[in-house]
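*Asks:* the following comprises the amino acid sequence and a computationally predicted model.
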Amino acid sequence: MPPPLLSGISIPCQKAPAINLPIARPDAFGERVSCVTKLKADSGKKESISGQQAESGSSFDEYFSLTGEEILEIVKKSNIIDEYTDTTLYEELVNFSNKKINYLFANAVDEDPYISSGARQLLEFPSEITLALSLCKKVCGAKHSKLLLCDRFLLADQIGVYYQGMSVVRLFGRYPLMPSFKRKYRKKGCGLIGVGALRHLASLIMNGRDERLAVLTVSGDCIKNPQNIMAFEGTKISDILNFAGLDKSPEVIFSNGVIAPKIIKDIDGETVSCEMRSITALSSLALPQKMSCLGCGKCVSVCHKKLMPYYIVKAYERGEIEETAQYYPFACDSCGACTISCPASIDVCGIVSQCRDELSASKLRNNRKN
Ligand code: SF4
Ligand code: SF4
């Protein structure tokens, strides 16, 4: 039986982007909360904690004396799931050992603009995550362990080149980011483990707790207090939404972001699972019929690259593609947030990409002529 609702922990996070943000460009990931807030389910009171090392005051040295076989045995008996791959940690470690990987990464890549739970956990549970990563490295015999995250977050400013004694690899460029990363590291031999799975392993080894806890970025224009929430598997989606504050009736609710959304149809019947990384509640979807740009600016407000897709769409509609160059369509990573937020059903992301491609082609032609 899963523990009751939100006996969990709420981690107020940098706010995830909400669809209805004002045109004045919001810095969706700009707010920072420095500590974890633990919500006591019984009293509704909050208390601040700073990760389990500070809580217990213990040193990690004793855990490093465990052998690779002992760690693998613990993992085998556990329920740990990698939230990025929906695979058991045990299967992953055996696979990495067989492949004899050289690099093992803690995966905190939040490619989707509606998800910040990976990087947030890295910030809130750094000691636990790096401890578990070091133990997993021992199991699979990797030579190096590193932290992996997207460069687009302000979080990246708080995480330097080295973090908790480990080097950090940042992904940047156009969506999707992972294929080029994997191409680069394929020959070197690499494996990735989600930071949630690592946090779970650290909790199991340090405290003997095999708790199936997911960390979800709960956001959207129907959510009053967008935040990252840690909740037990089995918690009702409706309870999560109520906890974060449901402002309006959502027309659509989905998990795991806009890039690969999974629609949640029954918020009372469906529950949190460990492979969930976000829940987004939106008051409306784009209208089914395509219209001209309304100038509402929603695409501007959701663009995490701080672009002005509105101006690109307007220039495109006038047939002035050369004009769009001044709005930097090359910086777009095709995340799709502008398309999903457009009330006029315009494929904003598609238009930005088309302008980018046409500008590149025209530049190439000009270079050839000269
Ligand atoms: S222009 Fe649209 S697709 Fe491109 S980064 Fe901004 S929101 Fe994402
Ligand atoms: S492209 Fe869509 S979201 Fe952007 S300003 Fe026009 S109507 Fe609004």
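*Replies:* Ah, there it is. Ligands and ions are numbered 1, 2, ... in the order given.

*Asks:* mind checking which helix or strand of this structure has the lowest mean pLDDT?
*Replies:* strand 36-39 (a mean of 36; mean pLDDT, DSSP states H and E).

*Asks:* number of residues surrounding the residue of the stretch 51-200 of the chain found nearest ligand 1?
*Replies:* Closest approach between the stretch 51-200 of the chain and ligand 1, counting by CB to the nearest ligand atom: P113, at 6.7 Å. In this view, the C-beta of every residue, glycine as well, is placed from N, C-alpha and C. Around P113 there are 27 other residues, counting by other CB atoms under 10 Å.

*Asks:* quick check: it is in a helix.
*Replies:* No: checked against DSSP: H, G, I helix; E, B strand; the rest coil, P113 lies outside a helix; its state is coil.

*Asks:* touching, it and H304? I think so.
*Replies:* Yes: judged on CB atoms under 8 Å, P113 makes contact with H304 at a distance of 4.6 Å.

*Asks:* got any ranges where the stretch 251-370 of the chain has weak pLDDT?
*Replies:* Scanning the stretch 251-370 of the chain for pLDDT under 70 picks out 259, 285-291, 370.

*Asks:* what residues does it put near ligand 1?
*Replies:* With the criterion set to CB under 6 Å from any ligand atom, the stretch 251-370 of the chain comes near ligand 1 through 302-303, 305, 307, 309, 332-338, 348-349, 352.

*Asks:* now D112. Nearest residue, chain neighbours left out?
*Replies:* Using CB to CB, 6 or more residues apart in numbering and skipping the chain neighbours, the partner closest in space to D112 is G257 (3.0 Å).

*Asks:* got a list of what that neighbour touches?
*Replies:* 111-115, 277-278, 280 (CB atoms under 8 Å, 6 or more residues apart in numbering).

*Asks:* now with 6 Å?
*Replies:* 112, 114-115, 278 (CB atoms under 6 Å, 6 or more residues apart in numbering).

*Asks:* helix or strand: which one has it?
*Replies:* Mapping G257 onto the secondary structure by DSSP states H and E places it in no helix or strand at all.

*Asks:* again, but for I346
*Replies:* Applying DSSP H and E, one finds I346 in no helix or strand.

*Asks:* can you get me a residue count around it?
*Replies:* 22.

*Asks:* next one: S249
*Replies:* Neighbours of S249 under the rule other CB under 10 Å: 8.

*Asks:* again with N225
*Replies:* N225 has 14 neighbours, counted by other CB under 10 Å.

*Asks:* pLDDT score for it?
*Replies:* As predicted, N225 sits at a pLDDT of 82.

*Asks:* can you tell me how far the closest residue to it other than its chain neighbours is from ligand 2?
*Replies:* Distances taken as CB to CB, 6+ apart place G245 nearest to N225, at 4.8 Å, with adjacent residues excluded. Counting by CB to the nearest ligand atom, to the nearest Å, the separation of G245 from ligand 2 is 25 Å.

*Asks:* model confidence at G245, what's the number?
*Replies:* 88.

*Asks:* ok, the one 4 residues further on next?
*Replies:* S249 is assigned a pLDDT of 88 by the prediction.

*Asks:* secondary structure class for it?
*Replies:* S249 is classified as coil under three-state DSSP.

*Asks:* tell me the phi and psi of it?
*Replies:* phi -80, psi 120 (degrees, to the nearest 10).

*Asks:* D82 reaches V195, doesn't it?
*Replies:* No: between D82 and V195 there is no contact under CB atoms under 6 Å: 9.7 Å.

*Asks:* between the two, point out the one with more neighbours.
*Replies:* Neighbour totals were compared for D82 and V195, and V195 leads with 33 against 22 (other CB under 10 Å).

*Asks:* give me every residue that touches that one.
*Replies:* 106, 108, 118, 121-122, 129.

*Asks:* of the residues you listed, which is the nearest to ligand 2?
*Replies:* Nearest to ligand 2 among the contacts of V195, with distances taken as CB to the nearest ligand atom, is G118, at 27.3 Å.

*Asks:* and the nearest residue to that closest one once chain neighbours are set aside, how many neighbours?
*Replies:* Leaving aside its chain neighbours, G118 sits nearest to A108 (3.9 Å; criterion: CB to CB, 6+ apart). Around A108 there are 28 other residues, counting by other CB under 10 Å.

*Asks:* just N98 next, same as before
*Replies:* Quick note: N98 (other CB under 10 Å) scores 9 neighbours.

*Asks:* same check on S116?
*Replies:* Neighbour tally, S116, other CB under 10 Å: 31.

*Asks:* now do G297
*Replies:* 17.

*Asks:* tell me if stretch 353-370 is near ligand 2.
*Replies:* No: Stretch 353-370 does not reach ligand 2 (CB under 6 Å from any ligand atom); its nearest approach is 12.8 Å.

*Asks:* in that stretch, which residues are buried?
*Replies:* 354-356, 358-359 (16 or more other CB atoms under 10 Å).

*Asks:* what does stretch 325-340 give?
*Replies:* Buried-residue list, stretch 325-340, by 16+ other CB under 10 Å: 325, 327, 329, 332-340.

*Asks:* now the end-to-end length of it.
*Replies:* Distance across stretch 325-340, first residue to last, is 23 Å (CA to CA, to the nearest Å).

*Asks:* what residues are up against the residue nearest to K137 when sequence neighbours are not counted?
*Replies:* What sits nearest to K137 in space, not counting adjacent residues and going by CB to CB, 6+ apart, is S145, at 4.5 Å. Residues counted as contacts of S145 (CB under 6 Å, 6+ apart) are 104, 133, 137.
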